[in-house]
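>>> structure for the following, please:
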Amino acid sequence: MNPVAHKGRGALSNRESRYRQATTHAEDDGWWQDDVIERVTTVVQADQSRSIITHNQSPDVPFDQSINPYRGCEHGCIYCFARPTHAYLDLSPGLDFESRLFYKPRTAELLRQELSHPKYICKPIGLGTNTDPYQPIEKRFRVTRQILETLLECRHPVTIVTKGTLILRDLDLLEALAARKLVHVMMSVPTLDRSLKRTLEPRAADPARRVRVIQALTQRGVPTGVLVAPVIPALTDHHIETVLERCAEAGATEAGYVLLRLPREVAPLFEEWLRTHRPDRAEHVLSIMRQMHGGASYDASFGRRQTGAGPFAELLAKRFELARRRHGLNRERRGGLDCNQFRPPVEQMRLF
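Coordinates of the predicted model:
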């Protein structure tokens, strides 16, 4: 049967993860009705992780440690490189990733424990490095806010990557952190095309609203940049200059970009989406991706996975750098976060 688009969802299928021993395949027995589409509801469960800070050794990213308040992401971005992580939970990187979500109820408690460890070394903690810390369920569970409250108490620096407008709820904390040079925000804006966004990032905020968030944050003294991620060849790459111009006008101080990444299950999910929603562009997009990755749809090598290689990748990098400089977005501020103010959390004395 043909893939079916579900309202408010990015993935068109729930294909099995790479760890599944058995697979299922739907066959049309003549009773199938195309106009009957099952609604995919969101289910949220508690994640009882025993640690909260994840350490990173990749040279491609500007952070050494991070926290992901949630597993899975309701935004449903079809291109999300984090989708394959749901396979570790014996769930599908497809529809399960955006509808079977997990929150970490002990986040604040675990964070205080880890920051209190005698051997802990203060380095900026990244939020939003895997899934969005301001996805819709944050409004209910407030895990990200608990993290920021703890980091502010401890005078600990933090970086945030998001496409969620809910970040404005925490302006009080962000202002206080910014006053101490302890926070930097990057707003993800891959395109300003609302029509494309509806299927590409179905439950993420409207692009124009994200630009207004940049303006609101910078007006309150919170250093904010724009991340054009992902750049999709022959589909969104022609939006680069416009995105940077609009975000610079809103007050953004720096910019970065990441090429579309298609690791593991993301490749077939994205191709399925592409052939359904943009069939006229599908072969062209996939062809350019293969050209930038030595004939494969993706190259996971450090130094190449986020930018690609070859003539098109070089042209993309030059275009971005020219636009970045033209709009004054080449100021690097994340390195200015202050780690010297850190103080371990003070535990209240227990009553015996």
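
>>> residue 159 and residue 184 touch, don't they?
Yes - applying C-beta atoms under 8 Å, one finds residue 159 in contact with residue 184, separated by 4.9 Å. C-beta: built from backbone N, CA, C; applies to glycine.

>>> neighbour-wise, which of the two wins?
Regarding residue 159 and residue 184, a neighbour count based on other C-beta atoms under 10 Å identifies residue 184 as having more, with 27 against 20.

>>> what secondary structure does the more buried one sit in?
At residue 184 the chain is in strand, as set by DSSP: H, G, I helix; E, B strand; the rest coil.

>>> and it, how far is that from residue 57?
Distance, residue 184 to residue 57, using C-beta to C-beta, to the nearest Å: 21 Å.

>>> give the contact list for the closest residue in space to residue 69 that isn't next to it in sequence.
Of all residues not flanking residue 69 in the chain, residue 143 sits nearest, at 3.9 Å (C-beta to C-beta, 6 or more residues apart in numbering). By C-beta atoms under 8 Å, 6 or more residues apart in numbering, the residues touching residue 143 are 69, 70, 103, 104, 105, 107, 133.

>>> export these to TSV and tack on secondary structure?
As requested, the contacts of residue 143 are exported to TSV (three-state DSSP):
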residue	secondary structure
69	coil
70	strand
103	strand
104	coil
105	coil
107	helix
133	coil
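
>>> so what does the nearest residue to residue 86 once chain neighbours are set aside look like in phi/psi?
Spatially, and ignoring its direct neighbours in sequence, residue 86 is nearest to residue 97 (4.5 Å; C-beta to C-beta, 6+ apart). Recorded main-chain torsions at residue 97 are phi -60, psi -30, according to degrees, to the nearest 10.

>>> in this structure residue 97 contacts residue 9, no?
No - checked against C-beta under 8 Å, the pair residue 97 and residue 9 is beyond contact range at 10.1 Å.

>>> looking only at neighbour counts, state which of the two leads.
Neighbours per residue (other C-beta under 10 Å) separate residue 97 from residue 9, with residue 97 holding more: 32 against 21.

>>> which residues touch the more buried one?
Residues in contact with residue 97 (C-beta under 8 Å, 6+ apart) are 11, 72, 73, 80, 82, 83, 86, 91.

>>> what do you get for residue 47?
Here residue 47 is in contact with 71, 102, 103, 104, 105 (criterion: C-beta under 8 Å, 6+ apart).

>>> could you do residue 251 as well?
214, 215, 217, 218, 219, 224.

>>> residue 323 too?
240, 241, 244, 245, 329.

>>> for the second one, which non-adjacent residue is spatially closest?
By the measure of C-beta to C-beta, 6+ apart, the closest residue to residue 241 outside its immediate chain neighbours is residue 323, 4.7 Å from it.

>>> for that neighbour, helix, strand, or coil?
Following three-state DSSP, we place residue 323 in the helix state.

>>> per-residue pLDDT of it, please?
For residue 323, the pLDDT comes out at 97.

>>> may I ask which helix or strand of this structure has the lowest mean pLDDT?
The helix or strand of the chain with the poorest confidence is strand 54-55; it has a mean of 92 (mean pLDDT, DSSP states H and E).

>>> what comes into contact with that strand?
The contact list for strand 54-55, computed with C-beta under 8 Å, 6+ apart, reads 64, 65, 66, 67, 68.

>>> ok, of the contacts of residue 47, which one's closest to residue 291?
residue 71 (33.9 Å; C-beta to C-beta).

>>> who are the contact partners of the closest one?
By C-beta under 8 Å, 6+ apart, the contact list for residue 71 reads 47, 85, 86, 89, 101, 102, 131.

>>> excluding its backbone neighbours, what's nearest the fourth one?
So the one you mean is residue 89. residue 71 (7.0 Å).

>>> and what of the last one?
Distances taken as C-beta to C-beta, 6+ apart place residue 73 nearest to residue 131, at 4.1 Å, with adjacent residues excluded.

>>> ok, how many other residues are close to that neighbour?
Counted by other C-beta under 10 Å, the residues lying close to residue 73 total 28.

>>> can you check residue 5 too?
Residue 5, neighbours per other C-beta under 10 Å, totals 15.

>>> same deal with residue 56?
Residue 56 has 14 neighbouring residues, counting by other C-beta under 10 Å.

>>> you'd agree it is up against residue 68?
No - with contact defined as C-beta under 8 Å, residue 56 does not reach residue 68; the gap is 11.5 Å.

>>> now do the shared contacts for the two.
residue 129.
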